[in-house]
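Novice: Here is the input, now give the coordinates:
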Amino acid sequence: MTSQEHYKNAGHPTGDAGRDLLDAMNTGTHERLAHWSLPLFEQTIAAAPLKKPITSVLDVGCGGGANMARLMNLFDNVHAYGLDHSSISVEKSKETNAAAVAQGRCHVIEGDVAALPYNNESINAATAFETIYFWPHVEAGLHEIIRVLTPGGIFMVCNETDGRTIHQARWSDLAQVSDFLTIYSQQQLVDFFTDTGFINVHVKRHPQEDWIVVLGQKPAE
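Specialist: Numbering: from 1, shown residues only. Below is the predicted model of the structure:
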């Protein structure tokens with residue numbers, strides 16, 4: 001598989017190669033990224049003004065579903081919602097969380113972040129791991145997320161890079177895929193959040209890796 005095919009499949013997994021990629025997304029670097037970022041998510045929720053018990057959490061671009069499982073482990077009795085525009089990602093996420101799906105605690109559907117199929121103010125917290133790179137219209141997606149969050153709800157974007165090490169070998173071929181993948185800088189991500197209306201926007205960076213988390217809160221009514 002060429003680099004272009006790899007990144008394109010990462011943005012919209014299809015076929016056997018997509019299934020293999022989803023298996024890989026549930027482990028390796030993605031797993032380490034989740035183990036680093038989810039405690040930051042939990043801490044932000046715990047410290048948030050006007051916090052409410054977390055009963056629902058949405059993972060946008062849920063991929064192989066491992067982060068939905070981690071979110072259900074993080075918060076007691078939470079209902080996890082996953083959305084992905086790839087049908088095999090939906091299939092894999094349901095497979096990964098089969099027991100929780102059967103219990104009615106995990107809900108995965110195919111859809112578009114720019115047209116979320118959830119009611120206004122119906123989700124307490126939301127995450128987007130390694131997915132915002134692929135959104136055709138970031139602003140539209142963020143407006144949908146803030147719409148569905150309850151007042152005071154927290155949203156976290158977690159990315160493996162913001163381009164600071166774009167010169168490194170593993171990122172050197174991104175110019176070939178710039179038509180469907182965009183690496184956003186820290187400032188661009190913060191601006192997306194603030195322009196959408198999120199408050200208490202802050203950034204966390206890994207001390208050794210290029211990993212970045214941006215967190216924001218929906219204003220209380």
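
Novice: could you say what helices and strands the longest strand along the chain packs with?
Specialist: Of all the elements of type strand in the chain, the one with the most residues (DSSP state E) is strand 149-159. Under the contact criterion of 3 or more CB pairs under 8 Å, 6 or more residues apart in numbering; DSSP states H and E, strand 149-159 touches helix 28-47, strand 123-129, helix 138-148, helix 186-196, strand 212-217. C-betas here are computed from N, CA, C, even on glycine.

Novice: Now do the second one: distance to the chain's middle.
Specialist: Meaning strand 123-129. Taking CA atoms, centre = their mean, to the nearest Å, one finds the center of strand 123-129 at 7 Å from the center of the full chain.

Novice: now the last one
Specialist: What separates the centre of strand 212-217 from the centre of its chain is 11 Å, taken as CA atoms, centre = their mean.

Novice: what does that strand rub up against?
Specialist: Outside of strand 212-217, the residues that reach it under the criterion CB atoms under 8 Å, 6 or more residues apart in numbering are 37, 40-41, 44, 48-49, 152-159, 161-162, 186, 189-190, 193-194, 196, 198-206.

Novice: how about the helices and strands packed on strand 149-159 in TSV, adding mean neighbour count?
Specialist: Below are the helices and strands packed on strand 149-159 laid out as TSV (neighbours: other CB atoms under 10 Å):
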stretch	mean neighbour count
helix 28-47	16
strand 123-129	26
helix 138-148	20
helix 186-196	16
strand 212-217	24
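
Novice: Determine how far the last residue of stretch 60-73 lies from the first.
Specialist: The distance separating the two terminal residues of stretch 60-73, taken as CA to CA, to the nearest Å, comes to 18 Å.
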